[in-house]
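**Student:** Based on what follows, work out the 3D shape:
(2 chains)
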Amino acid sequence: MNTLDRAIGRSTEQTFATNKVIKNTYMLLSATLIFSGMMAMLSLYLAVPMWTYTVSVIVAMLMGMFVLPRTADSAAGLGVIFAITGLMGFGLGAVISLYLQLPNGPQTVGLALGGTGIIFLGLSGYALSSRRDFSFMGGFIFAGMMVMMVAVLANIFLQIPALQLAIASGFILLMSGFILFQTSQMVHGGETNYIHATYGLYLSIFNIFISLLQILGIFGGDD
Amino acid sequence: MNIWLQIGSAVVVVLMLVFLYPAAKHWLQNGPKAEKGDWQAAAIPLLLVVGFVILLIMMVR
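**Tutor:** Coordinates of the predicted model:
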């Protein structure tokens, strides 16, 4: 086999591996979103109290930091990702039920849900179809996330509505950038584990939805 | 929010900062630098997202 044949063989192999990661990621993401939605409906039906959201997110984040990295390369990782997304969905039900009680609540929830879907599909579709490499955004996104986390930490205790609005707006922008970054990482072979990729995209969708709910809830409320 | 939930949330956020720091450091030091037109290609969809969110806000007001 000459050099050209080997190069073509390797390139075909890489393309096949990349397409497999993309296909598996979107299939797993769809399944986790459906499961998450079902868990949200269950918690809505059970009318769980608001603290369920905080507890669910705390447990899910701890699992995402300590359990998922150890299991992501095995079949157990699938169970873990469903547990994390199921927990987050269950917690989301408590938040949705709170927003549904507001004036224009159903409209706010519907717009946040539809808006999140349009933002995700639009950005992911753009990154997939343009095939641009957005890995140059990595430093900006991770540094931005750290700044946002410091703001979140401060607002846990300060609870300033204006800061909450700024955090929600910042999260929408950062998570939108992260969708471009993560999708291009999958396309260009920077992310080869579909469980990690699904987790990243799920968190982006979750954060965009929660942030949109907060923003629309604030602006949609009676003056 | 209950004080224990606040403390629990704060602990998780601090842990996330600890986990994010190496990734941020790695991407800032070793990440590829943007070439001409790269930021423009990223800024256009992000500005569209901003416009879309403003449209959603106008719809609920």
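**Student:** what comes up buried for the helix or strand containing A:S129?
**Tutor:** A:S129 is part of helix A:105-130 when elements are defined by DSSP states H and E. Neighbour counts over helix A:105-130 (16 or more other Cβ atoms under 10 Å in any protein chain shown) mark A:105, A:108-109, A:111-112, A:115-116, A:119-120, A:122-124, A:126-127 as buried. All C-beta spots, glycine's among them, are computed from the backbone N, C-alpha and C.
**Student:** can you tell me which two in those are farthest apart?
**Tutor:** Spatially, the most separated pair among these is A:G105 and A:A127, at 33.1 Å (Cβ to Cβ).
**Student:** How many neighbouring residues does A:I34 have?
**Tutor:** Using other Cβ atoms under 10 Å in any protein chain shown, A:I34 has 12 neighbouring residues.
**Student:** tell me the secondary structure for it?
**Tutor:** Following DSSP: H, G, I helix; E, B strand; the rest coil, A:I34 is assigned to helix.
**Student:** so how far is chain B from the spatially closest residue to A:S124 that is not a sequence neighbour?
**Tutor:** Of all residues not flanking A:S124 in the chain, A:T183 sits nearest, at 5.1 Å (Cβ to Cβ, 6 or more residues apart in numbering or on different chains). Shown here: A:T183 relative to chain B, a distance of 11 Å by Cβ to the nearest Cβ, to the nearest Å.
**Student:** tally of neighbours for A:T183?
**Tutor:** Other residues near A:T183 come to 28 when the count uses other Cβ under 10 Å.
**Student:** Who are the contact partners of it?
**Tutor:** By Cβ atoms under 8 Å, 6 or more residues apart in numbering or on different chains, the residues touching A:T183 are A:123-124, A:127-128, A:134, A:201.
**Student:** ok, back up a step: make JSON lines out of the buried residues of helix A:105-130 and add distance to B:W27 and pLDDT.
**Tutor:** JSON lines is the format used below for the buried residues of helix A:105-130 (distance: Cβ to Cβ, whole Å; pLDDT from 0 to 100):
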{"residue": "A:G105", "distance to B:W27": "39", "pLDDT": "89"}
{"residue": "A:T108", "distance to B:W27": "35", "pLDDT": "93"}
{"residue": "A:V109", "distance to B:W27": "35", "pLDDT": "95"}
{"residue": "A:L111", "distance to B:W27": "33", "pLDDT": "95"}
{"residue": "A:A112", "distance to B:W27": "30", "pLDDT": "96"}
{"residue": "A:G115", "distance to B:W27": "28", "pLDDT": "97"}
{"residue": "A:T116", "distance to B:W27": "26", "pLDDT": "97"}
{"residue": "A:I119", "distance to B:W27": "23", "pLDDT": "97"}
{"residue": "A:F120", "distance to B:W27": "22", "pLDDT": "96"}
{"residue": "A:G122", "distance to B:W27": "24", "pLDDT": "96"}
{"residue": "A:L123", "distance to B:W27": "19", "pLDDT": "96"}
{"residue": "A:S124", "distance to B:W27": "21", "pLDDT": "95"}
{"residue": "A:Y126", "distance to B:W27": "21", "pLDDT": "95"}
{"residue": "A:A127", "distance to B:W27": "17", "pLDDT": "94"}
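**Student:** can you pull out the helices in chain B?
**Tutor:** Under the criterion DSSP state H, chain B contains helices at B:3-30, B:38-60.
**Student:** JSON lines for the ones you listed, including mean pLDDT and mean neighbour count?
**Tutor:** Converted to JSON lines, the helices of chain B look like this (pLDDT from 0 to 100; neighbours: other Cβ atoms under 10 Å in any protein chain shown):
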{"stretch": "helix B:3-30", "mean pLDDT": "93", "mean neighbour count": "15"}
{"stretch": "helix B:38-60", "mean pLDDT": "94", "mean neighbour count": "15"}
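**Student:** Spatially, what comes nearest to residue 38 if we skip its sequence neighbours?
**Tutor:** Picked chain A for this. Nearest to A:M38 is A:G89, by Cβ to Cβ, 6+ apart, at 7.2 Å.
**Student:** Chain B is the one I meant
**Tutor:** A:F136 (5.4 Å).
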